[in-house]
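Chemist: Any chance you can model this:
(one chain, ligands or ions: 1)
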Amino acid sequence: MDLRFVDRNSCQDVKELDRSVKNRFNWAWLEEKDCNGDFLSDYIRKMPEAGVAWCISCQGKIVYGSTGKKVFHVHAKNSTHGKARRATKCSQSLPAIIATTKKWKTAQRNPQKLPKHFHTVLLKIFKISLKL
Ligand SMILES: [Zn+2]
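Modeler: Modelled structure (predicted):
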């Protein structure tokens, strides 16, 4: 596939390009961080097509013409993007099971802080996690 993106520094007017869509592209959108702590500018590229951008992590189009920048934040949350960004980056968020193990270790260091039924709860969490 031949991919071309609109460069921020180019003289191409994205507002003019997007004149047919409700939400026109705004470069300032890309200065925002998503829920993963990534700047949208790290992976979102504007395509020379009205209302369409490209995610370089997922290698897929994102249509923002009707919803605007919100769609990028929704996109950042979906699991496909999550997997793709983990594959391209080393900064990984901890899977739930490791987070649970961490809690477990902290709890072992501070046993006095444990609620009485903590072990039972933790065991349940582990059993549920293993089934997944
Ligand atoms: Zn993506």
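Chemist: Count residues in the vicinity of residue 18, would you?
Modeler: Residues near residue 18, counting by other CB atoms under 10 Å, number 20. All C-beta atoms are positioned from the backbone trio N, CA, C, and that covers glycine.
Chemist: helix, strand or coil for the closest residue to it other than its chain neighbours?
Modeler: Distances taken as CB to CB, 6 or more residues apart in numbering put residue 24 closest to residue 18, at 3.9 Å, once the chain neighbours are dropped. Under DSSP: H, G, I helix; E, B strand; the rest coil, residue 24 falls in the coil class.
Chemist: Make 35 the first number, not 1, from now on.
Modeler: In the new count, where the first residue is 35, that last one comes out as residue 58.
Chemist: got a list of what residue 58 touches?
Modeler: Residue 58 is in contact with 48-49, 52, counting by CB atoms under 8 Å, 6 or more residues apart in numbering.
Chemist: Inside helices: which ones of those?
Modeler: With DSSP state H as the criterion, helices contain 48-49 from among the contacts of residue 58.
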